[in-house]
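>>> just coords:
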């Protein structure tokens, strides 16, 4: 009898150890949500939906992209932090809200408030102008801007976002005066550019392709193969390098088994022909990193931008946002 009881307890203990593995082995068992801190139709949203669409096929569950916008991506990022840590809500977070906004707005770092799943992509930004703009080269554009201070406007996808910082840095290094108009996303900025309200902007190559605008500069050391005629900032003798990356995050406390399962699924997409084809349409390539390497990269980037971000006296728009008349029917800011 004693032997039977000992055996029974042994079996029960073994089952108890097995239950967690059985639980995550079935993961996911219901739809998943990706929180995107920028608006529908913008580059971050588009890329989040590409990832979601490919992961749906691999995980056999729907993935819903939920847009929570405003304030340079901070509300959406906070929502990703505050989400229930059950493995069914993740943040699709770009560089800006994680490593730039805290420095610009004097806010506490959010780097430690996440669990990290994977880095998704990493690509350079491109400066571009409207397709019908009179400039056919970066040099011609700058010559005109310098000859006509405050005549032109440039658009960004939000105050304190990486495109905003990149253009402020660029114009600062050239001593140029150009007015900043901040929108909620790339789609609104492009609508304003099409209407002639702004003349210049910066975004990923995917936006350049989607809207048929005219690229004039690549913020990187290397050229982009699709636009080999467009010079890099390095070629012009300027140390202005801005690449954009996106990471998938999970709320603190999310079971590591779920994080690892999602990370593995993303890693496997790096060799998935359909996913690669969808990224290629956006002029993107996968840049997968696992959880530990992703966290290390984010920490390094946070420290890096803390050193190089221009101070508020050079970026007046980040410390004093002031409303201006609507440009496209959507509220915007002028800096």
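That came in fine, so what should we check first? Please read all numbers here as calculations on a predicted model, not as lab measurements.
>>> and the end-to-end length of stretch 175-184?
27 Å (CA to CA, to the nearest Å).
>>> Now do the buried residues in that stretch.
Burial within stretch 175-184, assessed by neighbour count using 16 or more other CB atoms under 10 Å, is assigned to 176, 178, 180-184. The C-beta positions use only the backbone N, C-alpha and C, and glycine is treated the same way.
>>> how near is the spatially closest residue to residue 137 that is not a sequence neighbour to residue 148?
Spatially, and ignoring its direct neighbours in sequence, residue 137 is nearest to residue 216 (6.5 Å; CB to CB, 6 or more residues apart in numbering). Using CB to CB, to the nearest Å, residue 216 is found at 17 Å from residue 148.
>>> who's more crowded, the two?
Neighbours per residue, other CB atoms under 10 Å: of residue 216 and residue 148, the larger number sits with residue 216, 22 against 12.
>>> now that one, what's its secondary structure?
The assignment at residue 216 comes out as strand when based on DSSP: H, G, I helix; E, B strand; the rest coil.
>>> Residue 134 is in contact with that one, correct?
No - counting by CB atoms under 8 Å, residue 216 stays clear of residue 134, with 12.0 Å between them.
>>> quick one: average confidence on stretch 253-265?
Stretch 253-265 carries an average pLDDT of 97.
>>> list the buried ones in that stretch?
Residues of stretch 253-265 classed as buried by neighbour count (16+ other CB under 10 Å): 254-255, 258-259, 261-263, 265.
>>> From these, which land in helices?
Residues of the buried residues of stretch 253-265 located in helices (DSSP state H): 258-259, 261-263, 265.
>>> ok, back up a step: quick check, nearest of the buried residues of stretch 253-265 to residue 45?
Using CB to CB, residue 262 is the member of the buried residues of stretch 253-265 that lies nearest residue 45, at 19.4 Å.
>>> hang on, the closest one packs against residue 248?
Yes - assessed by CB under 8 Å, residue 262 is found in contact with residue 248 at 7.0 Å.
>>> Spell out which residues are contacts of both of these two.
Taking CB atoms under 8 Å, 6 or more residues apart in numbering as the contact rule, residue 262 and residue 248 both touch 90, 117-118.
>>> nearest residue to residue 205 other than its sequence neighbours?
Leaving aside its sequence neighbours, residue 205 sits nearest to residue 283 (CB to CB, 6+ apart; 3.7 Å).
>>> Next up, the contacts around the residue nearest to the spatial centre of the chain.
Nearest residue to the geometric centre of the chain (CA atoms, centre = their mean): residue 94, 2.4 Å. Residue 94 makes contact with 37-38, 44, 73, 162, 244-246, according to CB under 8 Å, 6+ apart.
>>> how about 6 Å then?
Remark: with contacts taken as CB atoms under 6 Å, 6 or more residues apart in numbering, residue 94 is in contact with 44, 246.
>>> ok, back up a step: my read: the residue nearest to residue 137 touches residue 140, true?
No - counting by CB atoms under 6 Å, residue 140 is not a contact partner of residue 216; they are 8.6 Å apart.
>>> Averaged over its residues, which helix or strand of this structure has the lowest pLDDT?
Lowest on mean pLDDT, DSSP states H and E among the helices and strands of the chain sits strand 322-323, with a mean of 28.
>>> quick one, helices of the stretch 1-150 of the chain?
Taking DSSP state H, counting those that start in this stretch, the helices of the stretch 1-150 of the chain run over residues 2-25, 43-59, 74-82, 95, 101-105, 138-147.
>>> The residue nearest to residue 174 when sequence neighbours are not counted and residue 62: what is the separation?
In space, and not counting its chain neighbours, residue 174 is closest to residue 142: 5.8 Å by CB to CB, 6+ apart. According to CB to CB, residue 142 stands 48 Å off from residue 62.
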